[in-house]
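Asks: Output the structure for:
(chains A and B)
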Protein chains: 2
Amino acid sequence: MTAYEELSKEELLELKSKLEAEFEEVKAQNLNLDMSRGKPSTAQLNLSMGMMDVLTSDSDLKCTEGVDCRNYGVLDGIAEAKQLLADMMEVPKDNIVIFGNSSLNVMFDTVARSMTHGVMGSTPWCKLDKVKFLCPVPGYDRHFAITEYFGIEMINVPMTPEGPDMDMVEELVSSDPAIKGIWCVPKYSNPQGITYSDVTVHRFAKLKPAAEDFRIYWDNAYGIHHLYEDKQDYLIEILMECKKEGNPDMVYKFSSTSKISFPGSGIAAIAASDANLADIRKMMKIQTIGHDKLNQLRHARYFKNIHGMVEHMKKHADIMRPKFDIVLNTFEKELAGLGIGSWLAPRGGYFISFDSMDGCAKAIVAKAKEAGLIMTPAGATFPYGKDPHDSNIRIAPSYPTVEELKLATEIFVLSVKLVSIEKLLAAK
Amino acid sequence: MTAYEELSKEELLELKSKLEAEFEEVKAQNLNLDMSRGKPSTAQLNLSMGMMDVLTSDSDLKCTEGVDCRNYGVLDGIAEAKQLLADMMEVPKDNIVIFGNSSLNVMFDTVARSMTHGVMGSTPWCKLDKVKFLCPVPGYDRHFAITEYFGIEMINVPMTPEGPDMDMVEELVSSDPAIKGIWCVPKYSNPQGITYSDVTVHRFAKLKPAAEDFRIYWDNAYGIHHLYEDKQDYLIEILMECKKEGNPDMVYKFSSTSKISFPGSGIAAIAASDANLADIRKMMKIQTIGHDKLNQLRHARYFKNIHGMVEHMKKHADIMRPKFDIVLNTFEKELAGLGIGSWLAPRGGYFISFDSMDGCAKAIVAKAKEAGLIMTPAGATFPYGKDPHDSNIRIAPSYPTVEELKLATEIFVLSVKLVSIEKLLAAK
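Replies: The predicted structure follows:
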């Protein structure tokens, strides 16, 4: 294929008119498609329907410790749920605490607690003039929303194929005591699907923060969310790595079963050092009498153990893989070599990240909307919604059906081409 | 009966030796009884077992709005759960937001949000030199724990048979802008079982706070938790009352189904004005994608409507009533007229409040423990755990079986008598 940049004005105009005709055709179908959020599809939800039958009125509702899960008690999770999620998070079961249905909520509460009470005895952040977080970009909009909500200044750190730019991370974290955290999605990252390399994880564990209350917010949302049986990314376990490097308290690890069982009705957990967990429990015992133990029991009995969960994830992969294939194959066929966009082919997670020519992302999202396709707003993958290059677009292929996805990808590709041609024509 | 005070030293010594013999007899049984927490009994939990069968793999899991409850979405609760809890809380359904499993957690988050973000635009409390809460006493220890955790100064306000001393509340609230809240359990209060009178509620609604961000924390935990079909307390609905008085934003109302369905696996809600809810949602949409909608659906379908819930509460009452009767009848028979303690006979709720002679509560709880009976720690019903008279003891009759409760009450009565005699002898 010839790169668009090398086409003459006349060739671009000709191509434009052909693509516009195609676009009008799709538009006429009055479609209503959504690739905006990492929402599991109905077929994926159906995979866990057996969970609805695990606990019935005939069930013994005592957990292994003998506690009646229907009643008050057990602050930080029943033993079988802790074991399951500890295995999922690759940490000892004594190093996790189970929460409610949302790991986002756990992250929010972690920042909120640091604001009012500091971290393991440090000055509450609300008493400080300035608090900053590092934000690898592109990243997860809901992370950035939490730090923005608390008035925390966010500093962009570019992602590389190995993870965040660690030269920059090391330099900033070791020199500026106002930097209290960094948001990481270390495996199958949101939105690029990048898994941090061994070297990157090592460098994280070896950080020498200027702030004693600096913490790595390690949101391992997609730890077992592979697309392929034979091509999987491996991520070094950060808690152990930090411990080995003499920084046992430097990391909070978050995860949940939202994209394993049911989003919104899963169970979430934090993994951290004993000292961090003691700090967390101090708040937790004031905040609640305990989380939903019946739902913990339901999860533990349904999956039985980590092997059951891993087998379950293969069924998710079988549904997700063809969807990623449609998007990636279409991109390869329609966009490769045109010089108007780049993307990565992830091995897991929920997203494909697309980078258009500079200054085109907002226009592409708007164009797609004209034809009835909702994308994540351009800019959402950056703090404050501001993508300095206006080029990154997050694609979430999970929710539409395969048929819908074919149409959606077609619309997206047409939108990319048309907006790119406009830009190139404007420069001619 | 003769009041102990009127007995001579010799009579007291004789009585003491007789009671000590009885106490030793009970102690020899090596009992293990617990009247410390307001925990429903197993028989009560069994009442809701049908709830485990409401949602199965054959169920339609869409709520009335057509949303699949298994997936993300619906920030503030599905319509049928909002209707059910709105009826339970006696407010319009547009004035409630459904949360997770714990109303305590909602209260905690409400205070936490006020600390970091203020209330409807007011200065965040963490930026103020001093924040104070009024605490009707005796009251609920977990309320006091929240305000203590956030470094909020607590001011005791005595309870009367009509509710808190409103002269004092009015005086303090209208004069001190540092007073930002008051903790209330307005119906079948914890621990006294007092329901605020019409006059008290009216006076609450008419408060003229010095602080614009003053809020009444109205924890209506026992709104439909009656003991009797024919003797019920009625509480005026505070939201409407505040609205009528031109103070629509002055109150947050909290409730949950913890003691209706399953403690720890129920659903909680807040009711407040539109303006307050808008403020709350600003935080909520950052904190979570949504709470557990399957559990909301399970509750809505199980109870069907408020009538179903009220009928269900009669079954709870049938289990609770005999337990309250045992304690109250034993007190009447064993303690009335002795001048060594007083109590109220509540018409609902979870507790009986006992007031010993001054300076005896801690000793009574310690004495009971000698014979294997765990009570709520003396002092717990006061801020900072400090009962200025050392006289209030909270009795929670719900959890033990009827047989256990007979023994527990016997131990308690013996402990009261023995400690009172010690005190009287010391003064002779």
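Asks: Is there any residue in stretch A:178-195 that contacts chain B?
Replies: No. For stretch A:178-195, no contact with chain B is found by CB under 8 Å from any CB of the partner chain; the gap never falls below 13.7 Å. C-beta: built from backbone N, CA, C; applies to glycine.
Asks: ends of that stretch, how far apart?
Replies: 27 Å (CA to CA, to the nearest Å).
Asks: Low-confidence ranges, chain A, go.
Replies: Counting by pLDDT under 70, not a single residue of chain A qualifies.
Asks: residue ranges for the strands of it, please.
Replies: For chain A, the strands defined by DSSP state E cover A:33-35, A:96-98, A:132-137, A:153-160, A:163-164, A:179-184, A:215-219, A:251-256, A:268-271, A:341-343, A:352-356, A:373-375, A:392-395.
Asks: Save those as JSON lines, and put in mean neighbour count and distance to A:Leu13 too.
Replies: Conversion of the strands of chain A to JSON lines gives the following (neighbours: other CB atoms under 10 Å in any protein chain shown; distance: least, CB to CB, whole Å):
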{"stretch": "strand A:33-35", "mean neighbour count": "22", "distance to A:Leu13": "29"}
{"stretch": "strand A:96-98", "mean neighbour count": "25", "distance to A:Leu13": "60"}
{"stretch": "strand A:132-137", "mean neighbour count": "24", "distance to A:Leu13": "35"}
{"stretch": "strand A:153-160", "mean neighbour count": "17", "distance to A:Leu13": "36"}
{"stretch": "strand A:163-164", "mean neighbour count": "24", "distance to A:Leu13": "42"}
{"stretch": "strand A:179-184", "mean neighbour count": "26", "distance to A:Leu13": "44"}
{"stretch": "strand A:215-219", "mean neighbour count": "24", "distance to A:Leu13": "46"}
{"stretch": "strand A:251-256", "mean neighbour count": "25", "distance to A:Leu13": "51"}
{"stretch": "strand A:268-271", "mean neighbour count": "25", "distance to A:Leu13": "53"}
{"stretch": "strand A:341-343", "mean neighbour count": "19", "distance to A:Leu13": "20"}
{"stretch": "strand A:352-356", "mean neighbour count": "23", "distance to A:Leu13": "20"}
{"stretch": "strand A:373-375", "mean neighbour count": "23", "distance to A:Leu13": "25"}
{"stretch": "strand A:392-395", "mean neighbour count": "26", "distance to A:Leu13": "25"}
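Asks: Apart from its chain neighbours, what residue comes closest to A:Phe214?
Replies: Setting aside the residues directly before and after it, A:Phe214 is nearest to A:Lys180 in space (CB to CB, 6 or more residues apart in numbering or on different chains), at 5.6 Å.
Asks: can you redo the strands of chain A as CSV with distance to A:Leu328?
Replies: Supplementary listing: those in CSV, determined by distance: least, CB to CB, whole Å:
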stretch, distance to A:Leu328
strand A:33-35, 14
strand A:96-98, 35
strand A:132-137, 22
strand A:153-160, 19
strand A:163-164, 22
strand A:179-184, 25
strand A:215-219, 24
strand A:251-256, 26
strand A:268-271, 30
strand A:341-343, 8
strand A:352-356, 7
strand A:373-375, 17
strand A:392-395, 10
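Asks: And A:Cys360, how close does it get to A:Met35?
Replies: When CB to CB, to the nearest Å is applied, the distance between A:Cys360 and A:Met35 equals 17 Å.
Asks: what does A:Leu45 give?
Replies: As defined by CB to CB, A:Leu45 lies at a distance of 18 Å from A:Met35.
Asks: what do you get for A:Gln287?
Replies: With distances defined as CB to CB, the gap from A:Gln287 to A:Met35 amounts to 36 Å.
Asks: A:Asp355 too?
Replies: Taking CB to CB as the criterion, A:Asp355 is separated from A:Met35 by 16 Å.
Asks: So what touches stretch A:13-27?
Replies: Under the contact criterion CB atoms under 8 Å, 6 or more residues apart in numbering or on different chains, stretch A:13-27 has outside partners A:4, A:7, A:370-372, A:407, A:410-411, A:414-415, A:417-418, A:421-422, A:425.
Asks: which among these end up buried?
Replies: Buried by 16 or more other CB atoms under 10 Å in any protein chain shown: A:4, A:7, A:371-372, A:407, A:410-411, A:414-415, A:417-418, A:421, out of these.
Asks: Let's have those residues in a markdown table, adding distance to chain B.
Replies: Conversion of the buried ones among the contacts of stretch A:13-27 to a markdown table gives the following (distance: CB to the nearest CB, whole Å):
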| residue | distance to chain B |
| --- | --- |
| A:Tyr4 | 37 |
| A:Leu7 | 42 |
| A:Ala371 | 24 |
| A:Gly372 | 20 |
| A:Leu407 | 21 |
| A:Glu410 | 25 |
| A:Ile411 | 23 |
| A:Leu414 | 28 |
| A:Ser415 | 25 |
| A:Lys417 | 32 |
| A:Leu418 | 31 |
| A:Ile421 | 36 |
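Asks: and the two most separated of those?
Replies: Spatial extent of these (CB to CB) is set by the pair A:Leu7 and A:Gly372 at 28.7 Å.
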